[in-house]
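Asks: Please work out how this folds:
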Amino acid sequence: MRVNFKTSGYVVYYLPEHNYIGMTNNLQKRLWTHNYAGKIVEGWEVVADGFDCPMKAHQMEHTLHMMGYEGFQYIG
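Replies: As a prediction, the model looks like this:
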């Protein structure tokens, strides 16, 4: 697993083993949570970072989900 967690604001990340896209403002904690839940996090990548607003990161995440990536889907 990469050890460089230096990001600013919100990030959109990818877990290739699960074709999973997610977003967070604490990448290290989020990857730990995925790993604890049994997901394979090796090979993770930051797709986009530096979002100062969670809604902008969410828009990017949602766009990638619409393209076929797995991930949390907001229902509302």
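Asks: could you give the mean pLDDT of the longest helix along the chain?
Replies: Ranked by residue count, the top helix of the chain under DSSP state H comes out as helix 54-66. Averaged over helix 54-66, pLDDT sits at 94.
Asks: now stretch 26-45
Replies: With pLDDT averaged residue by residue, stretch 26-45 scores 96.
Asks: Nearest spatial neighbour of Pro16, chain-adjacent residues omitted?
Replies: Nearest in space to Pro16, with sequence neighbours left out and distances taken as C-beta to C-beta, 6 or more residues apart in numbering, is Gly43 at 4.8 Å. Glycine gets a C-beta too; all of them are placed from N, C-alpha and C.
Asks: Would you mind giving both backbone torsions of Tyr13?
Replies: For Tyr13, the backbone dihedrals (degrees, to the nearest 10) come out as phi -130, psi 160.
Asks: OK, contacts around it?
Replies: By C-beta atoms under 8 Å, 6 or more residues apart in numbering, the contact list for Tyr13 reads 21-24, 27, 30-31, 44-47.
Asks: could you dump the residues you listed to TSV with neighbour count, distance to Tyr14 and secondary structure?
Replies: Formatted as TSV, the contacts of Tyr13 follow (neighbours: other C-beta atoms under 10 Å; distance: C-beta to C-beta, whole Å; DSSP: H, G, I helix; E, B strand; the rest coil):
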residue	neighbour count	distance to Tyr14	secondary structure
Ile21	22	6	strand
Gly22	25	8	strand
Met23	25	11	strand
Thr24	18	12	strand
Leu27	21	12	helix
Arg30	18	12	helix
Leu31	21	11	helix
Trp44	22	7	coil
Glu45	10	5	strand
Val46	15	8	strand
Val47	16	5	strand
